[in-house]
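S.K.: got a predicted structure plus its sequence, pasted below:
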Amino acid sequence: MMFLTIQIFAILLPILIFVALFTLFERNTMASMQRRAGPNVSGINGLLQPIYDVTKLALKEPIKLANSDYNYYVFSPIISLILSQIVWVVIPVCYNFNITDSNLQALFLMAISSISIYGILLAGWSSNSKYAFLGACRSVSQMISYELPMAILLICLFMINKTNYGFYSLNLIEIQYNQTNNWFLFCILPMSIIWLISILAETNRTPFDLTEAEAELVAGYNVEYGSLGFALFFVAEYGNMLVMSIITTIYLFGGSNNLDLLILSLPSYFSIAIKINIICFFYIWIRATLPRYRYDQLMSLGWKSILIISISWLVFQFAIFTFLIN
Amino acid sequence: MMFLNNTVLWLNNSQIYFSVLIALSISFIIGLIFQTVGLVIAPVLINIDKQSSYECGFDPFGDARNLFDISFYKTSILFLLFDLELVYVTPLAAYAINWYQLFIFLIFVFLLLMGFFYEWFLAVLEWV
């Protein structure tokens, strides 16, 4: 019990630090891509900038909205935070550091990422502002639309992930073990590309950040939140991005298998850290490169092409496997 | 192979539930701390204009509990159907696949896609 609590603390606290440093990483990378100087004043080369930001947010006045449902208004950021944090108990961060070991791990991840729309929906509904409500509607609609291709990729993984015991499983450790020779990225390449698009939409990032479209909606579902309530949403969003990065790494990029470069072989923790950082950089790179979609374009991309391609691939893979096995 | 030593054959889900409970309490406490620290250390100046909900520069009118676009609702219903479909397909993939399962799966997907294309034809997916 005590050991388990310490283990969970040892995972959850670094995530808060990650979120702080990730904002700095994002701002500096985008500054470099746009040929300007990023935050470079506070601390050593701007290293203390996130801490100053949090302090400034904490010193802002929390507002009690007159016509909001105050309880939901207060608790929806907490719900968002909880749902972005509890997925970490099933993720094997490294070979020697996995809190749980179950065959339902990937299914649990899918379930929690489905529930995580509720924090957003409650925030948008309870703050009783038109912009917040529209932002929440858009965000939820987009997240549930792009969840279907992700679930289909999960089924594709389920079909190819056979354990030593002879049954198929969704155990993340087994998924990593089966990728020692060959990443699943190449086994299901079309679905992998679709997954990389879907994680952008699932975490509401550019080019799919229609919830925060500044021109139409001011800031999306969190427009009424100031001070540390906003900070909670921020931590939840960036925590979700980290979760998506590590899930992508484990599903497609070989997870914490040793990364054999030309002459040197990286140990498991370095390997998974480098892969996660590359996918986080991918998020920022996309943000600095691509313009924003329009909402109807986003939905027609999701329903009319990505979903159809995913189902076709599922049928194709099912048929190929039947031919191969029998 | 070293990590296969502690792999249980079938599920040990009580482990997951217990860990989730601990993680949930930890993050709930973090959230509560975040929400209360602001109340304690930040200045509070009561002002009626601050407490009204946000509009672009003028007094708020009406309520946000209003009509909204039916397309959001239709998207949710479509999502429910497709999610149910995926729940049905998942156990099919769990065991060694044979021709009978492939046959069942193809009929299932055919019916589903027929319904989907019918909805497409009825312009359920159009947003403009």
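M.R.: In hand now; what should we look at?
S.K.: measure stretch A:211-220 end to end?
M.R.: When the termini of stretch A:211-220 are compared using C-alpha to C-alpha, to the nearest Å, they are 5 Å apart.
S.K.: and that stretch, does that touch chain B?
M.R.: Yes: counting by C-beta under 8 Å from any C-beta of the partner chain, chain B has neighbours in stretch A:211-220: A:Val218. Placement of C-beta: from N, CA and C, glycine included.
S.K.: what residues sit buried inside that stretch?
M.R.: A:211-213, A:217-220 (16 or more other C-beta atoms under 10 Å in any protein chain shown).
S.K.: chain B: which of the residues you listed is nearest?
M.R.: The closest of these to chain B turns out to be A:Val218 (C-beta to the nearest C-beta; 6.9 Å).
S.K.: hang on, the earlier thing: which two among the buried residues of stretch A:211-220 are spaced furthest apart?
M.R.: By the measure C-beta to C-beta, the buried residues of stretch A:211-220 have their two most distant members at A:Thr211 and A:Val218, which lie 10.9 Å apart.
S.K.: before we move on, back to that, which ones among the buried residues of stretch A:211-220 map onto helices?
M.R.: Of the buried residues of stretch A:211-220, none are assigned to helices by DSSP state H.
S.K.: pLDDT added to these, as CSV?
M.R.: CSV is the format used below for the buried residues of stretch A:211-220 (pLDDT from 0 to 100):
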residue, pLDDT
A:Thr211, 77
A:Glu212, 77
A:Ala213, 72
A:Leu217, 76
A:Val218, 77
A:Ala219, 78
A:Gly220, 79
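S.K.: residue contacts, A:Lys300?
M.R.: Rather than Lys, residue A:300 is Ser. A:Ser300 sits next to B:125, B:127 when contact means C-beta atoms under 8 Å, 6 or more residues apart in numbering or on different chains.
S.K.: gap between it and A:Pro149?
M.R.: Distance, A:Ser300 to A:Pro149, using C-beta to C-beta, to the nearest Å: 14 Å.
S.K.: which strands or helices does the longest helix belonging to chain B pack on?
M.R.: Across chain B, the longest stretch assigned as helix under DSSP H is helix B:13-41. In terms of contacts (3 or more C-beta pairs under 8 Å, 6 or more residues apart in numbering or on different chains; DSSP states H and E), helix B:13-41 is packed against helix A:2-33, helix A:49-58, helix A:70-85, helix A:227-252.
S.K.: before we move on, could you check phi and psi at A:Arg294?
M.R.: The phi/psi pair for A:Arg294 (degrees, to the nearest 10) reads phi -90, psi 160.
S.K.: and the gap between it and chain B?
M.R.: Separation of A:Arg294 from chain B (C-beta to the nearest C-beta, to the nearest Å) stands at 9 Å.
S.K.: do A:Gly226 as well
M.R.: In this view, A:Gly226 and chain B are 9 Å apart by C-beta to the nearest C-beta.
S.K.: that residue - how many residues pack around it?
M.R.: For A:Gly226, the neighbour count with other C-beta atoms under 10 Å in any protein chain shown is 17.
S.K.: give me the contacts around the helix or strand of chain B at the bottom of the mean pLDDT ranking.
M.R.: Least confident element among the helices and strands of chain B, by mean pLDDT, DSSP states H and E: helix B:48-51 (a mean of 76). Helix B:48-51 is contacted by residues A:61, A:63-66 when judged by C-beta under 8 Å, 6+ apart.
S.K.: shaky segments in the chain?
M.R.: Just so you know, I chose chain A. For chain A, the stretches flagged by pLDDT under 70 are A:166, A:215.
S.K.: to clarify, I was referring to chain B.
M.R.: Within chain B, the stretches with pLDDT under 70 are B:1-13, B:96.
S.K.: where do the helices sit along it?
M.R.: B:13-41, B:48-51, B:70-94, B:99-121.
S.K.: bridging residues for A:Lys162?
M.R.: Under the criterion DSSP bridges, A:Lys162 forms beta bridges with A:Tyr168.
S.K.: was I right about it contacting A:Asn171?
M.R.: No: contact between A:Lys162 and A:Asn171 fails when scored by C-beta atoms under 8 Å: they sit 11.2 Å apart.
S.K.: show me which of those two is the more surrounded one.
M.R.: Under the criterion of other C-beta under 10 Å, the comparison of A:Lys162 against A:Asn171 puts A:Asn171 first, with 24 against 14.
S.K.: nearest spatial neighbour of the more buried one, chain-adjacent residues omitted?
M.R.: A:Asn103 (4.9 Å; C-beta to C-beta, 6 or more residues apart in numbering or on different chains).
S.K.: looking at this, that neighbour is in a strand?
M.R.: No: counting by DSSP: H, G, I helix; E, B strand; the rest coil, A:Asn103 is not found in a strand; it is coil.
S.K.: now it: how far from A:Glu216?
M.R.: In this view, A:Asn103 and A:Glu216 are 44 Å apart by C-beta to C-beta.
S.K.: kindly report the same for B:Phe110.
M.R.: From B:Phe110 to A:Glu216 the distance is 40 Å (C-beta to C-beta).
S.K.: do the same with A:Ser198
M.R.: Going from A:Ser198 to A:Glu216 by C-beta to C-beta gives 23 Å.
S.K.: can you check B:Leu81 too?
M.R.: Here the distance between B:Leu81 and A:Glu216 works out to 29 Å (C-beta to C-beta).
S.K.: cool, B:Asp63 as well?
M.R.: Taken as C-beta to C-beta, the span from B:Asp63 to A:Glu216 is 20 Å.
S.K.: same question, A:Thr203
M.R.: A:Thr203 sits 20 Å away from A:Glu216, going by C-beta to C-beta.
S.K.: what sits against the closest residue to A:Ser127 other than its chain neighbours?
M.R.: Spatially, and ignoring its direct neighbours in sequence, A:Ser127 is nearest to A:Glu224 (3.8 Å; C-beta to C-beta, 6+ apart). Neighbouring residues of A:Glu224 by C-beta under 8 Å, 6+ apart: A:63, A:65, A:68, A:73, A:127, A:129, A:132, B:53-54.
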